[in-house]
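In: next one to model:
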Amino acid sequence: MLFNQLIEMALLSLGYSHSSAAQAKGMIQVGKWNPVPLSYVTDAPDATVADMLQEVYHVVTLKIQLHSCPKLEDLPPEQWSHSTVRNALKELLKDMNQSSLAKECPLSQVLMPKKHHLAQKAVQDFYLNNCIKNIGIAG
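Out: Model (predicted):
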């Protein structure tokens, strides 16, 4: 494995999403030394983890900082727009698989069509009861 892929591969193996892993920053600490960013350790794009840590692997600590985005509910009301919600939903769908989403939102597949049908019926009833009666076409 390439040294410059260490952070991303570590996070992916721990189950983090590709987008979270790609945005993470890593630091390496040897013994009691101050940690330094991985990018400071080598400029060689083809350096492997074995090349870089072979002699110090037993005294190395890898520190990973994940990039944190504000939660949607923490946004001020003026920042709630269609595009904000759409982008947040797109990120959620990209980051989570279907089983993870099912755990977060446990609606059965049987309920979904019924809810969709009820929503359609509610719209039809509203239209029939309010709009058509208001223009004088009452039945």
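In: quick one, domains of the chain?
Out: According to automatic domain parsing, the chain comprises the domains 3-65, 74-106, 108-139.
In: got the end-to-end distance for the first one?
Out: The reference is to domain 3-65. Using CA to CA, to the nearest Å, the end-to-end distance of domain 3-65 comes out at 17 Å.
In: quick one on the thing from earlier: lowest average pLDDT across the domains of the chain?
Out: Mean pLDDT per stretch puts domain 108-139 lowest among the domains of the chain, at a mean of 50.
In: shouldn't E91 be in contact with Q23?
Out: No. Using CB atoms under 8 Å as the test, E91 is too far from Q23 to be in contact (11.6 Å). For the C-beta atoms, the positions are set from N, CA and C on the backbone; glycine is no exception.
In: give me the number of residues near P45?
Out: 8 (other CB atoms under 10 Å).
In: out of everything not next to it in sequence, what's closest to it?
Out: Nearest residue to P45, sequence neighbours excluded (CB to CB, 6 or more residues apart in numbering): N4, at 6.6 Å.
In: with E91 instead?
Out: Excluding the flanking residues, the one nearest E91 by CB to CB, 6+ apart is S19, at 7.0 Å.
In: which elements pack onto the helix or strand hosting the one you found?
Out: Using DSSP states H and E, S19 sits in helix 18-23. Helices and strands touching helix 18-23, by 3 or more CB pairs under 8 Å, 6 or more residues apart in numbering; DSSP states H and E, are helix 6-13, helix 82-95.
In: tell me what the strand or helix carrying Y40 is packed against?
Out: Here Y40 sits within helix 38-41, counting by DSSP H and E. Where contact means 3+ CB pairs under 8 Å, 6+ apart, helix 38-41 is packed against strand 25-30.
In: what comes into contact with the strand it packs on?
Out: Strand 25-30 is contacted by residues 6-7, 35-38, 41, 56, 59-65, 67 when judged by CB atoms under 8 Å, 6 or more residues apart in numbering.
In: just to revisit the earlier point, next, the buried residues of the helix holding Y40.
Out: Going by neighbour count (16 or more other CB atoms under 10 Å), the buried part of helix 38-41 is 38, 41.
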